[in-house]
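>>> sequence below, structure please.
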Amino acid sequence: MAATAAFRETPDAQTGRPVFPPPPLTARPVDPAAWIAAFHAVRDETERRAAPLSPEDQQVQSMADASPTKWHRAHTTWFFEQFLLREHLPGYAIYDERLHYLFNSYYVAAGPRQPRILRGLITRPTADEVAAYRAHVDRAVDALLSQASAGALEAILPVLEIGLYHEQQHQELLITDILHAFAQNPLGPAYDAAWRFPAPAGATGHADLARGITRVGHEGEGFSFDNESPCHDVLIQGGRIDRSLVTNAQWLAFMADGGYARPELWLSDGWIAAQAEGWEAPGYWRPAEAEWATMTLAGVRAVDPALPVTHISYYEADAYARWAGRDLPTEFEWEVAAREETLADAFGLVWQWTRSAYTAYPGYRPVDGALGEYNGKFMSNQFVLRGSSVATPQGHARVGYRNFFYPHQRWQFTGLRLSDARR
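This next block holds a predicted model:
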């Protein structure tokens, strides 16, 4: 099983269900059967990703930033029960109220929760009991969608849709979190021994960025998270952006030139982080005789110079750009180039750091209620990444998608491409 094969271009051979994404919310007439199929496609994908893992694998929490696989499976189920079923299915009985404390994440308005760092201590319910919880909620969602009137669907479908994309986010985290856990194991276990990182397109050269005012952000039909709106004008200073991603070979040259030992290349906080963490190479890299090896979803493998560098922090990306005499693009420069389809490997290999702080677009307002805690409350001290990675489910990425992480974090599939801003 390859972690990248999330949604196929044809209906699933076993279930016959259509592929995700569901039809736009504006589609008329509303087709409940299509939404039910989309719901099961997403829910099945979570279980498919968890299937190679033992109950012991699903229990482990290797650091505060990561969560156990079992927790991801239960939390995404809690999301549908909390925000969809208890609000919109008359007479619905909560499966087990105690699970709402265990599997809430950061929704303060939804009640108290298990501290994040202690999620790995939730040995009960078991993995099998979580499967039963998922099945119970799945049946209830089927019933809700099957019996809802056209008027009721107007309120139900927006919540269902965000729940589907929310679960896809956790599908990606499920992969990256178990990779981090396996990287702590001296045996270097494989999630999938047949997994291989996809080859990059091999593009060369640059794409020009014309100076001028342009529109960015989401508008029109199709799903987006609230942090992708409103659509607004930005000034592009001009310059150029690399068509290709930075490779391991290029990163090895940075390392050979003392990149990790030259404080003049680093932001102050980055230098402190690198020294405190003992960074000498990207995350998961380890010395191996005459070369470097890295932990992958297939276990420990030799670093391939031709592949994009990944598992690097914003601090490392910024230091590399300074070493190369270049820039990281802004998120808007990246978006303009991606919309014009001038970037190779914009999607599907690594998330790409930008030099844009994660802040609100002009006029941004979070949605009302607990779901308003989804994005806006995190707009502090983080940087935007664009694109998608090998772990991102197909159908999830968009040109306007704004991922965000703290500048020291590197357990995700994070890489970079360079730009030259017109000065």
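>>> and V234, bridged to which residues?
V234 has the following beta-bridge partners by DSSP bridges: T214.
>>> how many neighbouring residues does it have?
18 (other C-beta atoms under 10 Å). In this view, the C-beta of every residue, glycine as well, is placed from N, C-alpha and C.
>>> list the contacts of it.
Taking C-beta atoms under 8 Å, 6 or more residues apart in numbering, we find V234 in contact with I213, T214, R215, V216, F332.
>>> show me the shaky parts of the stretch 301-423 of the chain.
Applying pLDDT under 70 to the stretch 301-423 of the chain flags the ranges 423.
>>> and the contacts of V234 as a markdown table, adding distance to E340 and neighbour count?
Below are these laid out as a markdown table (distance: C-beta to C-beta, whole Å; neighbours: other C-beta atoms under 10 Å):
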| residue | distance to E340 | neighbour count |
| --- | --- | --- |
| I213 | 16 | 8 |
| T214 | 10 | 14 |
| R215 | 13 | 12 |
| V216 | 13 | 22 |
| F332 | 13 | 20 |
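>>> for the lengthiest helix in the chain, packing partners?
Among the segments of the chain that qualify as a helix by DSSP state H, the longest is helix 150-183. Helix 150-183 sits against helix 32-50, helix 69-80, helix 86-88, helix 127-147, strand 291-296, with contacts defined as 3 or more C-beta pairs under 8 Å, 6 or more residues apart in numbering; DSSP states H and E.
>>> confidence score at the closest residue to G222 other than its chain neighbours?
Spatially, and ignoring its direct neighbours in sequence, G222 is nearest to P24 (6.0 Å; C-beta to C-beta, 6 or more residues apart in numbering). pLDDT for P24: 85.
>>> element containing P24, please.
Assigned by DSSP states H and E, P24 belongs to neither a helix nor a strand.
>>> all strands of the stretch 301-423 of the chain, in order?
Using DSSP state E, counting those that start in this stretch, the strands of the stretch 301-423 of the chain run over residues 351-357, 383-387, 403-405, 414-415, 419-421.
>>> got CSV for these, with mean neighbour count and distance to K377 too?
Converted to CSV, those look like this (neighbours: other C-beta atoms under 10 Å; distance: least, C-beta to C-beta, whole Å):
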stretch, mean neighbour count, distance to K377
strand 351-357, 24, 15
strand 383-387, 26, 16
strand 403-405, 22, 12
strand 414-415, 27, 22
strand 419-421, 19, 30
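>>> JSON lines please, covering those and showing distance to G299.
Formatted as JSON lines, the strands of the stretch 301-423 of the chain follow (distance: least, C-beta to C-beta, whole Å):
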{"stretch": "strand 351-357", "distance to G299": "23"}
{"stretch": "strand 383-387", "distance to G299": "26"}
{"stretch": "strand 403-405", "distance to G299": "25"}
{"stretch": "strand 414-415", "distance to G299": "21"}
{"stretch": "strand 419-421", "distance to G299": "35"}
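>>> to L328, which of these lies closest?
L328 sits nearest to strand 351-357 of all these, at 4.2 Å, using C-beta to C-beta.
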